[in-house]
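Chemist: let's see this in three dimensions:
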Amino acid sequence: MFVSLIPGDLPGSHRPIALEADRLHESALWSAQGQFEQAKLWRLINLLMGVPAAALAAISGGTALGGDLGVWPGVLALISAALTATLTTVNASRRMTQAQSSANAYLQLQSATRQFLAIDLADLSRDDARETLRNLTNTRDELNKTSDPPGRLAYRKSSKNINGGSQLYTVDGEGV
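Modeler: Below you'll find the predicted structure:
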């Protein structure tokens, strides 16, 4: 659920700016939540592949030292190597860090846009308001260029969070 932040007492000349800023705010909300969910998925992938790879490597080394167990130490070592190679190729750790960083940057944009709408817009000249909107738009565009798009699962999880109201502040429910 998204709550519009457009103040009711805006001059008519500011209304188009407010509408666009409200769109930016909503876009930043969705992007931040999607990136946070994507970071969680990359962290899970990193753990699901990294822990077994390390455990299998240790077990294969121990069984190889333990005596004549046939091919099992080699099989375990190969499985461990395959998991490690996949993890290295996927680079889940870097992707998790990138998604987390992008999410925080979108969150910063979301806060700046919310403050612009709720606090500053009504007191700015149209030219100053337009310049602020241009700067916020440029920030969003740069973030979009450098952020990997969230996958379908991250989108579904973020949609559930947003539509479920978990992204609202208590004060937003009071009809500010």
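Chemist: quick one: mean pLDDT for stretch 67-83?
Modeler: Mean pLDDT, computed over stretch 67-83, is 82.
Chemist: scratch that, stretch 163-176 is what I was asking about
Modeler: Mean predicted confidence for stretch 163-176 is 66.
Chemist: tell me the residue furthest from the middle of this protein?
Modeler: The C-alpha centroid of the chain is most remote from residue 68, which lies 49.5 Å away (C-alpha atoms, centre = their mean).
Chemist: just say helix, strand or coil for that residue.
Modeler: coil (DSSP: H, G, I helix; E, B strand; the rest coil).
Chemist: now do the strands in the chain.
Modeler: In the chain, no strands are found when defined by DSSP state E.
Chemist: that one: helices as residue ranges?
Modeler: Per DSSP state H, the chain carries helices over the ranges 15-65, 72-90, 92-115, 126-146, 152-163.
Chemist: just checking, what packs against the longest one?
Modeler: Taking 3 or more C-beta pairs under 8 Å, 6 or more residues apart in numbering; DSSP states H and E as contact, the helices and strands that helix 15-65 lies on are helix 72-90, helix 92-115, helix 126-146, helix 152-163. In short, each C-beta sits where N, CA and C put it, glycine included.
Chemist: now find how far off-centre it is within its chain.
Modeler: Relative to the centre of its chain, helix 15-65 is centred 8 Å away, using C-alpha atoms, centre = their mean, to the nearest Å.
Chemist: taking the centroid of the protein, which residue is nearest it?
Modeler: The chain has residue 35 as the residue nearest its centroid, 1.3 Å off, counting by C-alpha atoms, centre = their mean.
Chemist: count of residues packed around the nearest residue to it once chain neighbours are set aside?
Modeler: Leaving aside its sequence neighbours, residue 35 sits nearest to residue 103 (C-beta to C-beta, 6 or more residues apart in numbering; 3.5 Å). Residues lying near residue 103 (other C-beta atoms under 10 Å) number 23.
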